[in-house]
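> Coordinates for the following, if possible.
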Amino acid sequence: MLEPINVSLESLNLITLAPMLIAIAGGLIILILDLINDKVSKSVYVILTVLVLLIDFLSVLGLTINERGFFDVMLIDGIAIISQLMMLVASMIFIPLALTSKRFHEYSYPEFFALFLFMTAGFQFMVATDNLILIFVGIETASLALYTLIAMHNRADSYEAAVKYFTMGALAAAFFAMGSAVVYALTGSVELYKVAEVMATRLDETGLMIAILGSSVLLLVAFSFKLSLFPFHTWAPDVYQGASAPLAGYMSIVPKIAAFVVSIRIFGMYIDLGVDWVQNILLVVAVLTMTMANIMALVQEDVKRMLAYSSISHAGFIMAALALNTTAGNTGIFFYYGLFMFTNLGAFAMLWISRHKKRQFDKRYDHPYEKFAGLITSMPMAAIVMGIFMLALAGVPPFSVFWGKIYVMQSAVNAGYVWLAIVMGLNSAIAAYYYLKLIVYMFLKEPSKEEDVVYYNMSKPLIGLIGLSALVTLTAIFYVQDLLSYLFTMISASGY
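Residues are numbered from 1 along each chain as shown. I've put the predicted structure just below:
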């Protein structure tokens, strides 16, 4: 007769699950409140969501570094804590936009906020584990919620974007499942630290190396979809175009942070095992992504699509840092996104200052360059702030993203990849052209002759987001050293 297995609560270390459970509980509370009383002001749901995110943030701060929990499937290391904090900060900045007087359609539904919290919990599960099954659960939880959030924008473009994103996400999930299945077949485990131990003892087997190649390629394809890396990036501009401007900015940050954390764990494992061609493939993909995205951004006629290709290029930049597989390179990923996050969110939010039910300037696009012509005369402060965001994204000193680019390029040089730093520099020069193109339209072009150009969405939450983003972008020089030191300490303490 089998003896019962006794599991103590102490050994489960359930505190490691607390951040995700808080987000899930918050989403359920919102749904229950709506069932009890559907007349509750939507502002209550906004405030409640921000409160849940704040409690979630504080619970992450209270975690102890390098702990495992819940049958060892949860892993709370430095990058798990840092990435969760960054995602929650971005979420707390984004959600108050629902309080604006000129709301998007989706902000009138309590389900929007519940789905948002479920999505946040999914992303947190992704980064706080090295178990392939739980990573998959996190990916699908977050993705299914995000597809719905995009569709809730309630426009034809939004439905198209949601279907495209769902299709690409389904393909990515299939590739991830197949890659994980190969890993399990090779090692008998889905926990990456055990996988690494088994693979390290069998690297001299020819058949194993072929299987490793297969698994790494399948997993790379999966995360190339998620990170919009070349050649699996084509969905991103269409999806960003269909989503609301603030949600598009959010999508360019938070899902990619989560996907990069998982990529660090998986591909860093392969590189640590001495599988050099995985590193070479990552470098090639990174260079092609940043270069091709920049070339495509040059010919865009819509500012939102330009910013979408810009975000793809920045993802290529970050993938290059990941491929270095050094502590400095991994630090560069979070340092870069910590600075890029505010600037990019601010740039996308700026597109919301002028909303029109009908496309006045272009039959196809909502935000053509002509819409911003002469903005300095109609809205001087908006033109100046948008100009700051464009200069920062271009990597012009002393604005925020400049420091991220310099640090990543320095990490590449220190790792012996001088040619990679040169490629990054050349791509930054190419990118400067399309960022400056918008500045030229805003400051040097004559205003459009179109009538009824109304800039009416200057509500306090929107001004607050844009103001905070501009402040962080302008004052980055004063805190980059402290941020860098904190990130380096946390990541090196975790063995990355």
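> SS state for I47?
I47 falls in the helix class when you classify it by DSSP: H, G, I helix; E, B strand; the rest coil.
> All further residue positions should be reported with the first residue as 21.
All right, first residue 21 from here; so that's I67.
> what number of residues lie near it?
Other residues within reach of I67, judged by other Cβ atoms under 10 Å, total 15. In short, each C-beta sits where N, CA and C put it, glycine included.
> G484 now?
Using other Cβ under 10 Å: G484 sits among 14 other residues.
> Relative to A369, how far out is it?
Here the distance between G484 and A369 works out to 10 Å (Cβ to Cβ, to the nearest Å).
> again, but for K480
Counting by Cβ to Cβ - K480 and A369 are separated by 13 Å.
> of these two, who's got more company?
It is A369, of K480 and A369, that has more neighbours when counted by other Cβ under 10 Å, with 24 against 12.
> Quick check, the more buried one in contact with A265.
Yes. The pair A369 and A265 passes the contact test of Cβ atoms under 8 Å, sitting 6.6 Å apart.
> and for the two, which residues touch both?
When Cβ atoms under 8 Å, 6 or more residues apart in numbering defines a contact, no residue borders A369 and A265 alike.
> Pull the contacting residues for the residue lying closest to M370 once chain neighbours are set aside.
The shortest distance from M370 to any non-neighbouring residue, by Cβ to Cβ, 6 or more residues apart in numbering, is to M406 (5.0 Å). When contacts are counted by Cβ under 8 Å, 6+ apart, M406 is found next to A367, M370, F392, L395, L458, M462.
> Tell me if I'm right that the last one and E390 touch.
No. Taking Cβ under 8 Å as the contact criterion, M462 and E390 are not neighbours in contact, 11.3 Å apart.
> Who has more neighbours out of the two?
Per other Cβ under 10 Å, whichever of M462 and E390 has more neighbours is M462, with 24 against 17.
> mean confidence score for the helix or strand containing the more buried one?
Using DSSP states H and E, M462 sits within helix 438-464. The average of the pLDDT scores along helix 438-464 is 88.
> Counting by contacts, list what that helix packs against.
Counting contacts by 3 or more Cβ pairs under 8 Å, 6 or more residues apart in numbering; DSSP states H and E, helix 438-464 packs against helix 296-318, helix 323-344, helix 395-398, helix 400-413, helix 420-434.
> from the middle of its chain, how far away would it be?
Here the centre of mass of C-alpha atoms in helix 438-464, compared against the chain's by Cα atoms, centre = their mean, to the nearest Å, lies 22 Å away.
> Could you report the neighbour count for G208?
By the other Cβ under 10 Å criterion, the neighbourhood of G208 contains 10 residues.
> Who are the contact partners of it?
V218.
> Got phi/psi on it?
Recorded main-chain torsions at G208 are phi 70, psi 20, according to degrees, to the nearest 10.
> same question, S272
Per degrees, to the nearest 10, the backbone of S272 is at phi -80, psi -10.
> for the stretch 121-270 of the chain, which spans come out with low pLDDT?
Judged by pLDDT under 70, the stretch 121-270 of the chain has its weakly predicted residues at 121-126, 174-176, 223-226.
> what secondary structure does I85 sit in?
On the basis of three-state DSSP, I85 is classed as coil.
> Isn't it up against I101?
Yes. Applying Cβ under 8 Å, one finds I85 in contact with I101, separated by 6.5 Å.
> Now do the shared contacts for those two.
The contact sets of I85 and I101 overlap at M510 (Cβ under 8 Å, 6+ apart).
> Counting neighbours, go ahead and name the busier of the two.
Between I85 and I101, counting by other Cβ under 10 Å, I101 is the more crowded of the two (21 against 13).
> quick one: which helix or strand includes the more buried one?
Using DSSP H and E, the element containing I101 is helix 98-114.
> Let me see the ranges of the strands in the chain.
Secondary structure of the chain (DSSP state E): strands located at 87-89, 94-96.
> And for P388, the neighbour number?
Here the neighbour count serves as a burial measure; for P388 (other Cβ under 10 Å) it reads 22.
> how near is it to A268?
For P388, the distance to A268 - Cβ to Cβ - is 16 Å.
> before we move on, what about M310?
M310 sits at a distance of 20 Å from A268 (criterion: Cβ to Cβ).
> try A216
37 Å.
> now swap in F360 and tell me
Separation of F360 from A268 (Cβ to Cβ): 15 Å.
> now swap in I44 and tell me
Here I44 is placed at a distance of 25 Å from A268 (Cβ to Cβ).
> L51 contacts E131, correct?
Yes. L51 lies in contact with E131 (Cβ under 8 Å); the separation is 7.3 Å.
> what helices or strands is the longest helix along the chain leaning on?
When the chain is parsed with DSSP state H, its longest helix is helix 176-207. Other helices and strands packing on helix 176-207, by 3+ Cβ pairs under 8 Å, 6+ apart, are helix 152-171, helix 212-220, helix 226-246, helix 255-262.
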